[in-house]
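Q: What follows is a predicted structure for the sequence shown.
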Amino acid sequence: MASMLECRTPGFNPYAVKYSPYYDSRLAVASSANYGIVGNGRLFVFGLGPQGIQIEKSYDTQDAQYDLAWSEINENQVAVACGDGSIKLYDLGVNDFPVMNFHEHKRETFSVCWNPITKDNFISSSWDGTIKIWSPTRPESLKTLPVGNCTYNAAFSPHNPALISCVSSDSHLRLFDLRTPVNAKYHLATTIPVHAPPTGPVLPRLADGTTYAGQTPAEVLTHDWNKYSDTVIATAGVDRVIRTFDIRNPAGGPLSILPGHTYAVRRLAWSPHARDILVSASYDMTVRVWTDGSTMGGPPQQPPVAGPGGVPPAHDGTIRVGSQLGLMNRHTEFATGVDWCLFGTGGWVASVGWDERVLCWDAHTLLRR
C-alpha cells in the first residue's frame, strides 16, 4: 500500500471506526474487551498529526461497544452503542462520563446512526428486533419501529431524512418512511428479500450468461446507501456476497453482485467521492475496494425509471458483476470496521480489526482504472 498509518487499541478489540464529519484529522473507534463476549468497552478518539495516529481521549463503558456515530450538530460529541442495550453520548470536553445515557433496548444495541440531513436526531438498532429514534436532548426515545428480528444495522438515507433502512437476521432489507401514517406496520414502506430469486417470467442473467436464481437465506449484517444514487443500497453478510438493490424495484433482484470475500462481510461503506466505489471489511481478515460496475466503460448507468403509475419496470435481464479493485490484507484478525475520510483527495480509508489495530491507508492506488 502506498501509504499507511497505524495505531493500537491495547486490550480492546475494535468493532467500528468512523471519521469525524468535521475534521480529517480525527476518528473514533468503538471497541470491546475479550472480543465483545464479556467485559468492558472502550471508546477511543484518535488524532492524526505529524507523529502519526495518537490517542487523544478514551472512555470506558461497563459493557461491550459495537458501533458509534459522530454527532452532526456538535463536533465534540459521539454516540456509542453498547452491549447492555444502552447508547452513551460522550462529549470530548467532559472527562470520564457520558453527558447522556439512553437505555430502552432489551438486548444488545448493535448499531447507531445520526441523521445527516436534519441533524437533530439519531437511531439505534438492537438484537431485540427494534429500531429506536432519539433526540440527543431527551432520555426517552421519540419513536420505536418494530422489525421483529435481530436487527444488525440501521441507517438514515443521506438523501431523505424521513427514510430509515435496516438489515436483519431474517435475510431482509427493510425501509421505513416516517412520512407515512402510523398503521399496523409502523411506517414500514418496503421489504426486500435479499437472497430470494427475482420475480418475473424470466430469471435475470449474470455477465457470464448464467441465470441468477437467488441463494439460501442468510443473516444480513451490514448495508449502506449510495451517496450519489438515492435509490441504491448495498447489502452484505454471512453469505460473503455484496449485493446492490434499487429500492424502487423490491422484487426485481439485485442490480449487481460482488463475490470475492471468503468469510462473512462485517461492514461496508459506499465512497463519498465516487458513485460506483465501495469498501468492505470481512471476517476473512481483508478489506477490499470494489466497483459495482455501473460506470465501467461508459457514462454512469441510471437505475430503472418508474413506468406508468409509478411502478418500476421488470428487470432488464442482466445483473452486473462488480469488480474488486484492490485488497488490503494487513489485518491479522477479523476486519470489523471501515470508513472513508470525507475530505482530501478521496482515497483515505480507516479500518479496524480484532487484532487491536487501527489502520489508515490511501486506497488511491487501487482506484486507478
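A: Ah, there it is.
Q: Distance check, the residue nearest to residue 21 when sequence neighbours are not counted against residue 53.
A: Leaving aside its sequence neighbours, residue 21 sits nearest to residue 70 (C-beta to C-beta, 6 or more residues apart in numbering; 5.5 Å). The C-beta positions use only the backbone N, C-alpha and C, and glycine is treated the same way. Here the criterion is C-beta to C-beta, to the nearest Å. By it, residue 70 lies 17 Å from residue 53.
Q: Same check on residue 116?
A: 25 Å.
Q: Local confidence estimate at residue 298?
A: Listed pLDDT for residue 298 reads 36.
Q: An error on my part: the question was meant for residue 212.
A: On the pLDDT scale, residue 212 is placed at 85.
Q: swap in the one 5 residues further on?
A: Model confidence at residue 217, given as pLDDT, is 94.
Q: just checking, it touches residue 171?
A: Yes. Using C-beta atoms under 8 Å, residue 217 is in contact with residue 171, at 3.6 Å.
Q: of these two, who's got more company?
A: Remark: of residue 217 and residue 171, residue 171 carries more neighbours, 22 against 16, as counted by other C-beta atoms under 10 Å.
Q: show me what contacts the more buried one?
A: The contact partners of residue 171, by C-beta atoms under 8 Å, 6 or more residues apart in numbering, come to 193, 194, 195, 217, 218, 219, 220.
Q: any idea how far the fourth one lies from residue 280?
A: Looking back up the chat, that one is residue 217. For residue 217, the distance to residue 280 equals 20 Å [C-beta to C-beta].
Q: Equivalent analysis for the first one, please.
A: The span separating residue 193 from residue 280 equals 21 Å under the rule C-beta to C-beta.
Q: Compare the two and say which is more crowded by neighbours.
A: residue 280 (26 against 17).
Q: quick one: the more buried one is in a strand?
A: Yes. Assessed by DSSP: H, G, I helix; E, B strand; the rest coil, residue 280 belongs to a strand.
Q: what's the spacing between the residue nearest to it when sequence neighbours are not counted and residue 47?
A: The shortest distance from residue 280 to any non-neighbouring residue, by C-beta to C-beta, 6+ apart, is to residue 268 (4.2 Å). Counting by C-beta to C-beta, the gap from residue 268 to residue 47 is 26 Å.
Q: where's residue 4 relative to residue 218, distance?
A: Taken as C-beta to C-beta, the span from residue 4 to residue 218 is 32 Å.
Q: of these two, who's got more company?
A: When residue 4 and residue 218 are compared for neighbours, residue 218 comes out ahead with 17 against 11, by other C-beta under 10 Å.
Q: so that one makes contact with residue 236?
A: No. Between residue 218 and residue 236 there is no contact under C-beta under 8 Å: 10.2 Å.
Q: picking up where we left off before, between residue 217 and residue 171, what contacts are shared?
A: 193, 194, 195.
Q: So which of those residues are in strands?
A: Of the shared contacts of residue 217 and residue 171, the ones assigned to strands by DSSP state E are residue 193.
Q: CSV for the shared contacts of residue 217 and residue 171, including distance to residue 289?
A: Below are the shared contacts of residue 217 and residue 171 laid out as CSV (distance: C-beta to C-beta, whole Å):
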residue, distance to residue 289
193, 28
194, 22
195, 24
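Q: Could you dump the shared contacts of residue 217 and residue 171 into JSON lines with distance to residue 26 and pLDDT added?
A: Below are those laid out as JSON lines (distance: C-beta to C-beta, whole Å; pLDDT from 0 to 100):
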{"residue": "193", "distance to residue 26": "39", "pLDDT": "97"}
{"residue": "194", "distance to residue 26": "34", "pLDDT": "97"}
{"residue": "195", "distance to residue 26": "38", "pLDDT": "95"}
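Q: Just give me the closest of the shared contacts of residue 217 and residue 171 to residue 28.
A: residue 194 (29.3 Å; C-beta to C-beta).
Q: Quick check: that closest one touching residue 167?
A: Yes. Using C-beta under 8 Å, residue 194 makes contact with residue 167 at a distance of 7.5 Å.
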